[in-house]
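*Asks:* any chance you can model this:
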Amino acid sequence: MQQTTPTQKTLSSVLEDIQAHNDIPSEKNHPFASGSEDSYAFLQQIAQAADQVSNSLNAYISLPWAQPKLISLLRQQSNLTGTMRSSEKRNKQFVDALQDRAGTIYSEDIPLDPATVAEFCISRLEAWGVKAGMESFKDDGRGGNVTVLLGGKVLVVDVDFSINKENPMRPRARIAGVKTSYATSDDASGASSNTKGSISLDTFLAENIQKYCDEVQKSEDERDAIQAAKLASNVLQQLRYLVMLDKLAEKKDGARVAWFVDTDELCPKVETFAKSEAEVVASALSMVAAPLDIFLLRSHALPLPYLSSPSITFLVYTSPLAYLSCLQNTTVSTARLPGLPSIDVPLSHLRSQLPKIPKGVTIATLSVTPLASPPLFTSAELLPGIASRPTFSFCPQGAEVDHVFPRGDTSVEINLDSTHHVWTLDFTDGGKRPGIMMSQSQMRDIELLITPLGGLHTDLDDVNIMSFNANSWVDLLLNPGKRSARHERYTALYTSLGGLHPPLQLRLTPSDEPGFILERIPVHNIQEVWGILEIVREQSWLNETLLACQWVPEGSEVDETLGMEDLEVMEEELQAVLSGTNAPRKIPVNISLNPPTEADNLFGPSDLDTTPRRPKIVMRSPERFPITGLVEISVTLDETRPRGIAVEVQGAMGLDMSTDVLEEICRRGGTFGLPGRVWANSQGHSL
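*Replies:* Numbering: from 1, shown residues only. Okay, here's the model as predicted:
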């Protein structure tokens, strides 16, 4: 019998390889996850392993199992291969540990001599350029000026340093200017030309390099070496991104310089459209500037070019708490630029505050992403009459905005491996955020937007956003990190700080839809981007509204206030009950999300449904005594309303509250307090 070499597979090794990947969460095992290519490769590995196991078992059927020597040799071989597999497993664990350690950021090795710190900053920029794959040249000019030139195949970056030597013992280096240019050549004549670069890119690079220099040149008791290392890593990451574009621009049969200038061409289009939407939002509220939170609910995402990378970032949604934080920290009112949307939070202040807000903010970055294999979904042109997104309720001119991202042969040979480059919307902020929890129906809407005809536009016939995971997306949202947690109901106690109404005992029934974590999506044009961000905005509104309360599984904690420990009843309480003025200790409120209609099904709308489904929260509570019955309050995300939220109340006799007041309460984060407000204002009672 042929002996097994270390490169050959055995039954045990094949099964162990499969079991090594059993820790992939189901909510991240879909085409719009960062590791979708790895998941698809793992499925192919399972199919191949099944064939190998079947062939091996069939081959062993004909062996003479009655011979003791054969059994002994097989046992010996099994022990040897088991030992080898154990050794390979330990080595793999050791390598994985080293790779995880490689992502650790150590403190910056700043010189102790203050006289050499300025020169150290310049040398670090040279080292970053070389490490990113560029050529570096240094030119010592006159008057203490130093120029560092970083060159690629097409991209050229000139960084001018100004050295202040007023204090010879502590000279300071400052960025005098950054200039980018693109060295191109005419395919016909072969003549070379130097195209001027982007002013926005120049400013972005100058600010990031200057932040590093400022941190490093602080006094020893003020500077943070770890923060300096993070700033250095950020500059290196941006240079690597530019080098990636440089390799794409080098290809003569590709988009060439369009890879660099596309962002600057797109920004005026989306900013002009955002400006028109902000004017409509502000006009509906009779305000000069549109409130940021209402703008995001009614309009399309707010474009923020060069926020954290040489690309464009879209602000999709902010929770009421995050919006209030940005609004309260606004100290200086900056002048409104004519070409930008007029928002109550100045854009310069907003750009500085967003990186400091860890929760309650949904952002998406549009950039070029390298992939080891082609994406599972290939973006196609939107089909009129089939694609229900994007919608333009009050600014129809947005449908006329047309911008297709540079494409062509996006496969580049790097280290003998073919790397594919595609435009993607990244919801993880480069891995800093966990992504967006999405319901299955919303993910299905995104799938239909990208591939309106399903499998007809993909190489895979059965790639659908479907899951047999038992966990609801609500379970995954309220219990992050607990995959097996499944609960029939959740409860929360909503208390009015001003004592306007009795505490509300909220009971939430999760929907049956599975959940997925949305991380990145390949896109083709700006209309796709707007359509996807509309769907994500709706899900983000649902997520953040739920996370505003502290939910616990029903029955997991005993609420002592619901007991009958206080049985003594006073005469005043009896009279209050008889007269109908007694206030209950708690008001029960049953909550459901997106109640299904007759046309809906578990897996979302049909492929040809052109009517977008708006997210809805329905709350039911008892009428105020002596009226019997139920009060039903529906809160719907509706961009046609002045505040982007529609509230409908059924029941509540004698309610003296206008719809505008109810919508404003929801805008301020009091959605789940509406039953208490309605109860307090029913039957002529006022707050």
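
*Asks:* burial measure for the nearest residue to Lys196 once chain neighbours are set aside, as a count.
*Replies:* For Lys196, ignoring the flanking residues on the chain, the nearest one in space by C-beta to C-beta, 6 or more residues apart in numbering is Ser181 at 5.9 Å. Placement of C-beta: from N, CA and C, glycine included. Ser181 has 18 neighbours, counted by other C-beta atoms under 10 Å.

*Asks:* helix, strand, or coil at Ser181?
*Replies:* strand (DSSP: H, G, I helix; E, B strand; the rest coil).

*Asks:* what bridges to it?
*Replies:* Beta bridges link Ser181 to Val156, Lys196 when assigned by DSSP bridges.

*Asks:* so it touches Gly151, yeah?
*Replies:* No - counting by C-beta atoms under 8 Å, Gly151 is not a contact partner of Ser181; they are 9.9 Å apart.

*Asks:* what number of residues lie near Arg585?
*Replies:* 11.

*Asks:* isn't it right up against Pro502?
*Replies:* Yes - with contact defined as C-beta under 8 Å, Arg585 reaches Pro502; the gap is 6.4 Å.

*Asks:* which residue ranges of the stretch 1-150 of the chain form helices?
*Replies:* 11-19, 36-61, 68-102, 117-132 (DSSP state H, counting those that start in this stretch).

*Asks:* any idea which of those helices gets closest to Lys247?
*Replies:* helix 117-132 (11.4 Å; C-beta to C-beta).

*Asks:* how about the closest one, which residues are buried there?
*Replies:* For helix 117-132, the neighbour count (16 or more other C-beta atoms under 10 Å) marks Val117, Ala118, Phe120, Cys121, Ile122, Arg124, Leu125, Glu126, Trp128, Gly129, Ala132 as buried.

*Asks:* how distant is that helix from the center of its chain?
*Replies:* 32 Å (C-alpha atoms, centre = their mean, to the nearest Å).

*Asks:* and that helix, what does it pack onto?
*Replies:* Helix 117-132 is packed against strand 135-140, strand 145-151, strand 155-164, strand 172-185, helix 199-216, helix 225-250, with contacts defined by 3 or more C-beta pairs under 8 Å, 6 or more residues apart in numbering; DSSP states H and E.

*Asks:* next structured bit after the helix or strand bottoming out on mean pLDDT in the chain?
*Replies:* The least trusted helix or strand in the chain, going by mean pLDDT, DSSP states H and E, turns out to be strand 411-414, with a mean of 48. For strand 411-414, the succeeding helix or strand toward the C-terminus, using DSSP states H and E, is strand 417-426.

*Asks:* send the alpha carbons of the helix or strand that that next one is followed by over as PDB?
*Replies:* Moving toward the C-terminus from strand 417-426, the next helix or strand (DSSP H and E) is strand 436-439. What follows is strand 436-439, C-alpha atoms only, in PDB (Å, rounded to 0.1, in the frame of the first residue of the first chain):
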ATOM      1  CA  ILE A 436     -24.500  47.200  10.300                       C
ATOM      2  CA  MET A 437     -26.900  44.600  11.600                       C
ATOM      3  CA  MET A 438     -29.500  44.100   8.800                       C
ATOM      4  CA  SER A 439     -32.600  42.000   8.600                       C
END
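
*Asks:* related to what we said a few turns ago, distance of the residue nearest to Lys196 relative to Arg85?
*Replies:* 55 Å (C-beta to C-beta, to the nearest Å).

*Asks:* and for Trp541?
*Replies:* Applying C-beta to C-beta to Trp541 and Arg85 gives a distance of 50 Å.
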